[in-house]
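Novice: quick one: sequence plus predicted model below, questions after.
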Amino acid sequence: MSDGAVDTDALVAAGLYDPDAPDASERLQLLTYLLAQGVSIDELVAADASGSIFRAGLDALIWPDGTGLTIEQVAKAAGMPVETARRARRLLGLTDPGDEPACHAEEIQLLSALNRAVDLFGEENALQFARVLGTSTASLAEAAISTFTASVTRSIRDAGASPAAYAKQVREATLGFVAARNAIDIALRLQFDESLDRLTTGWAELDAEPSDEVEFTVCFVDLVESTRLTLEQSGTAFAADVRDFEGLAAEAASSNGARLVKLIGDSAMIAGPLPVSVATAAREVVMRVASDARFRGAHGGMASGRVVARGGDYLGTPVVLAARLTEVSRAGEILCDAPTAQSLGDISMPAGDRVLRGFDEPQPVWTVRI
């Protein structure tokens, strides 16, 4: 028996549709919509078996080529040894496909680019860059999905929309994410410009040797009593508060010529070559948090010196010292070390000695004026 252009008998035979089920009408609307989008019954069965029929057909939107290749085929086409290709995929955070034709044809372009990086930087450096690429793109992908879940999914549920309406939103969101690739490319090139300004100062000087060591100021700004805030609020509410904290940290950093390096729970790491820029950004974050009734304040620590720029992060004594100063700072306070205080001048003032974790003797510290 058929319902218009939809062969309901085929849907029943595939285990996708039960005409006697309480939700039979909504289920049929959903299946009809997905079939109209070109999703095959086999794709519907596979998605249903995975626990989310709404995912049916999404792979075709993301990977229009649809060709399945083995890792051996991809590696050969990219001119890369198979074991290197497998390791590169693992460092990218991708599941090992074994010997199955589970790789996409577009992966040849990815591994070809990594292979050129191997020639330029050496295998270990290139593969560690793959790790950074993997963690960064995983964050982008999960941010897109979690944003959809937190906003669109909730509004659709609250509005009592049908499964077919939800499936339409899922497909439109996926198409939007695919279209965003151009925006991601532009954002990456803009960030490349900014990074050149931060990390290559002095390269134009004939007697200067390019190095991954740079003179930087590093600062951590932490929320006060974030554990208590977590216990007092729902997970969703606390996540929204942390999101806003992260947003103001990002804006404060960029508007003052510094960089928001990373976010670790309730802590923001800000860094840059100019101590005044980093201090101004940190002060702005602390002041804005203090004026927000949702929070119990913020505090921070700053240190300056030589750091190694590696994998989009910074490593070295100033990073450790900034973290230790943050640990002993009080609500509304930003502590700094002597080199930073000297650069800040009147912006800082002596604050006595503090016992810092890992240091045998109390260390002299300065307070950044708020």
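Specialist: That came in fine, so what should we check first? Numbers count the residues shown, from 1 in each chain.

Novice: next one: L188 from L133, what distance?
Specialist: L188 is 10 Å from L133, where distance means CB to CB, to the nearest Å. Quick note: C-beta positions are derived from backbone N, CA and C, even for glycine.

Novice: meant to ask about I264, not that
Specialist: 20 Å.

Novice: neighbour count winner among those two?
Specialist: When neighbours are counted by other CB atoms under 10 Å, I264 and L133 differ, and L133 comes out ahead with 20 against 11.

Novice: excluding covalently adjacent residues, which one is nearest to that one?
Specialist: L92 (6.4 Å; CB to CB, 6 or more residues apart in numbering).

Novice: what of G297?
Specialist: Nearest non-adjacent residue to G297, counting by CB to CB, 6+ apart: A331, 3.7 Å away.

Novice: can you classify that neighbour by secondary structure?
Specialist: Of the three states, A331 takes coil according to DSSP: H, G, I helix; E, B strand; the rest coil.

Novice: that one: neighbour count?
Specialist: A331 sits with 16 neighbouring residues when counted by other CB under 10 Å.

Novice: what does V320 give?
Specialist: Other residues near V320 come to 15 when the count uses other CB under 10 Å.

Novice: from the contact counts, what lies against the helix or strand containing it?
Specialist: According to DSSP states H and E, V320 maps onto helix 317-328. Here helix 317-328 touches strand 213-223, strand 298-310, strand 334-336, going by 3 or more CB pairs under 8 Å, 6 or more residues apart in numbering; DSSP states H and E.

Novice: so of these, which one's packed in deepest?
Specialist: strand 334-336 (a mean of 30; mean count of other CB atoms under 10 Å).

Novice: show me the shaky parts of the stretch 101-250 of the chain.
Specialist: Residue ranges of the stretch 101-250 of the chain with pLDDT under 70: 201-211, 227, 229-231.

Novice: how about 50 then?
Specialist: The stretch 101-250 of the chain contains residues with pLDDT under 50 at 202-204, 206.

Novice: quick one: the strands in it, in order.
Specialist: Assigned by DSSP state E, counting those that start in this stretch, the strands in the stretch 101-250 of the chain fall at 103-104, 213-223.

Novice: could these go into TSV alongside distance to G235?
Specialist: As requested, the strands of the stretch 101-250 of the chain are exported to TSV (distance: least, CB to CB, whole Å):
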stretch	distance to G235
strand 103-104	35
strand 213-223	16
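
Novice: relative to S254, which of those strands is closest?
Specialist: For these, the distance to S254 is smallest for strand 213-223, at 14.3 Å, taking CB to CB.

Novice: centre-most residue in the chain?
Specialist: Taking CA atoms, centre = their mean as the criterion, S139 is the residue nearest the geometric centre of the chain, at 2.9 Å.

Novice: which residues does that one contact?
Specialist: The contact partners of S139, by CB atoms under 8 Å, 6 or more residues apart in numbering, come to none.

Novice: quick check: mean pLDDT of stretch 57-67?
Specialist: Averaging pLDDT along stretch 57-67 gives 88.

Novice: which positions within that stretch qualify as buried?
Specialist: 57-58, 60 (16 or more other CB atoms under 10 Å).

Novice: go on, stretch 290-300?
Specialist: So for stretch 290-300, counting by 16+ other CB under 10 Å, buried means 295, 297-300.

Novice: what about the residue nearest to L133, distance to S136?
Specialist: Taken as CB to CB, the span from L92 to S136 is 10 Å.

Novice: and L94, that one's in a helix?
Specialist: No: L94 is assigned coil when assessed by three-state DSSP, not a helix.

Novice: what about it, how many neighbours?
Specialist: 17.

Novice: just to revisit the earlier point, between L92 and S136, who's got more neighbours?
Specialist: The neighbour comparison of L92 against S136 (other CB under 10 Å) goes to L92, with 20 against 13.

Novice: ok, L11 - contacts?
Specialist: 17, 28, 31, 41.

Novice: and if we set it to 10 Å?
Specialist: L11 is in contact with 2-3, 17-19, 27-28, 31-32, 35, 41, 44-45, counting by CB atoms under 10 Å, 6 or more residues apart in numbering.

Novice: need the worst-confidence member of the residues you listed.
Specialist: Out of the contacts of L11, that is S2, at 42.

Novice: please tell me how far A143 sits from E43.
Specialist: On the measure of CB to CB, A143 and E43 end up 26 Å apart.

Novice: give me the contacts around whichever strand or helix holds L263.
Specialist: Here L263, judged by DSSP H and E, is contained in strand 259-264. For strand 259-264, the external contacting residues (CB under 10 Å, 6+ apart) are 191, 194-195, 198, 216, 218-222, 242-243, 245-247, 249-254, 268-273, 277-278, 281, 285, 312-314, 319, 323.

Novice: swap the cut-off to 8 Å and go again
Specialist: 194, 198, 246, 249-250, 253-254, 268-272, 312-314.
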